[in-house]
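Q: Below is the sequence, then the predicted model.
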Amino acid sequence: MKQVRKPKTPVSTWIDEARAALIEEGIGGVKVDRLAARIGVTRGGFYHYFEDREALLAALLARWEETCKFLPPLDPDLSPSEAVDWIEMAATRMVEERGYDSRFDMAVREWARSDERAAAAVNASDEERIATLQRFFELLGHPADEAIIRANTFYFHQIGYYAIGVKGTPAERLQTAGTYLKILCGQRALEAARAQSPSTSEERRVRLIA
């Protein structure tokens, strides 16, 4: 009888388990032997994909950069009213954690405290996220010097929310999201932007996520 060879563990499984270990145990838990035990295989399969642990950590960091997106793409040509739609969509996305995993993000930030490569990636990500928020506030009508302050305030508030582990169900958070946006974005600016277009069409929604 011909022996059926057991398929190799996919490379994605090793990265998935590394991500889970990072979240649960910190960077100290991301070790080849421990990951092999979590998966239920020998460590030999690891070296089919990775030269060493450092190569796995590079892949894990790349996974974070590719999949943990704090904000959806922002079209720089949006009108003020469309910019309001964008921030409301972004807020809902944050609450529901669609495309953004706060636990993964916080775990990478903790890792960055002791690793220069992770720290560089986090700094670059923070700069990109804040720059996107600054562009949003400028689209809303705020001058550049005020837009950057509002961008920092918005971002530091949200990251701080996750960092200190504020509890609340998605439904509870969505109920208060509108009030937070009024405070962080400026109620007058939001109202002026919405007044330009009293209704939101499906075509505008499609443009926002295109």
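A: In hand now; what should we look at? Numbers count the residues shown, from 1 in each chain.

Q: By neighbour count, which bits of the longest helix that the chain contains are buried? Give me those.
A: When the chain is parsed with DSSP state H, its longest helix is helix 116-140. By neighbour count on 16 or more other Cβ atoms under 10 Å, the buried set for helix 116-140 is 118, 121-122, 125, 129-130, 132-140. (Each C-beta comes from the backbone N, C-alpha and C, glycine too.)

Q: Which one of those is nearest to A147?
A: F137 (3.7 Å; Cβ to Cβ).

Q: Show the contacting residues for the closest residue to that closest one other than its chain neighbours.
A: Leaving aside its chain neighbours, F137 sits nearest to A147 (3.7 Å; criterion: Cβ to Cβ, 6 or more residues apart in numbering). Listed by Cβ atoms under 8 Å, 6 or more residues apart in numbering, the contact partners of A147 are 134-135, 137-138.

Q: Can you give me the distance of A147 to L184?
A: 12 Å (Cβ to Cβ, to the nearest Å).

Q: chain center to stretch 106-116, what's the gap?
A: 15 Å (Cα atoms, centre = their mean, to the nearest Å).

Q: I figured L190 hits S81, correct?
A: No: assessed by Cβ atoms under 8 Å, L190 is found out of contact with S81, at 9.9 Å.

Q: dump the residue contacts of R113.
A: Neighbours of R113 in contact, by Cβ under 8 Å, 6+ apart: A119.

Q: Give me the mean pLDDT for the longest helix of the chain.
A: Averaging pLDDT along helix 116-140 gives 97.

Q: which other residues reach it?
A: 57-58, 61, 64-65, 70-71, 74, 76, 78-80, 83-84, 86-87, 108-109, 111-113, 144, 146-148, 150-152, 154-155, 185-186, 189-190, 193.

Q: Quick one, which of the residues you listed are buried?
A: 57, 61, 64, 70-71, 74, 78, 80, 83-84, 86-87, 108-109, 111-112, 147-148, 150-151, 154-155, 185-186, 189-190, 193.
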